[in-house]
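can't give you the sequence, but here's the structure:
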């Protein structure tokens with residue numbers, strides 16, 4: 001299994017329909033507050049993935065990637081969730097070197113995804 005990193009486009013980063021649904025159910029203010037909490041938690045998960053890669057801990061990589069994937073997909077961050085899933089799968093198969101390659105892409109995608117997420121809250 002090779003972890004692939006696709007090009008990011010606005011529509012690949014966020015599921016606008018999912019975000020609109022969340023905003024309709026929660027309200028803009030509450031969703032914005034939740035976004036801040038999730039961004040902090042997500043940043044911690046990205047760091048945990050990175051630490052797991054540095055120490056060669058496949059279980060830590062897999063578990064942290066799994067949590068990041070779920071968080072991202074729940075709020076409509078499609079591309080982030082997809083990359084986290086690929087890293088999770090590679091780590092679960094013990095292929096840490098393949099999971100290690102896209103760590104910078106994971107960090108960059110996390111940052112871009114949350115920028116797009118916050119921007120979509122303004123729509």
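Thanks, I have the structure now. Source: prediction; values computed, not measured.

following the helix ranked longest in the chain, which helix or strand comes up?
Secondary structure of the chain per DSSP state H: the longest helix is helix 28-55. Next along the chain after helix 28-55, taking DSSP states H and E as the criterion, comes helix 58-74.

Could you check how far that following helix is from the centre of its chain?
A distance of 8 Å separates the centroid of the chain from that of helix 58-74, by Cα atoms, centre = their mean, to the nearest Å.

Can you say which helix or strand has the residue most central in space within the chain in it?
Nearest to the geometric centre of the chain sits residue 80, at 3.6 Å (Cα atoms, centre = their mean). Using DSSP H and E, the element containing residue 80 is helix 78-92.

what comes up buried for that helix?
Buried positions in helix 78-92, judged by neighbour count with 16 or more other Cβ atoms under 10 Å: 78-92. No exception for glycine: its C-beta is placed from N, CA and C like everyone else's.

what does that helix rub up against?
1, 3-6, 8, 12-15, 49, 52, 58-59, 61-62, 65-66, 68-70, 72-73, 96, 98-99, 102, 105-106, 109-110, 113 (Cβ atoms under 8 Å, 6 or more residues apart in numbering).

which strands and helices sit next to the very next helix or strand once past that helix?
Next along the chain after helix 78-92, taking DSSP H and E as the criterion, comes helix 96-100. Applying 3 or more Cβ pairs under 8 Å, 6 or more residues apart in numbering; DSSP states H and E, one finds that helix 96-100 makes contact with helix 28-55, helix 58-74, helix 78-92.

Just the buried residues of helix 96-100, please?
Buried residues in helix 96-100 (16+ other Cβ under 10 Å): 96, 98-100.

Repeat that for stretch 39-59.
For stretch 39-59, the neighbour count (16+ other Cβ under 10 Å) marks 39, 42, 45-46, 48-50, 52-53, 57-58 as buried.

Could you do stretch 62-80 as well?
Buried residues in stretch 62-80 (16+ other Cβ under 10 Å): 62-69, 71-73, 75-80.
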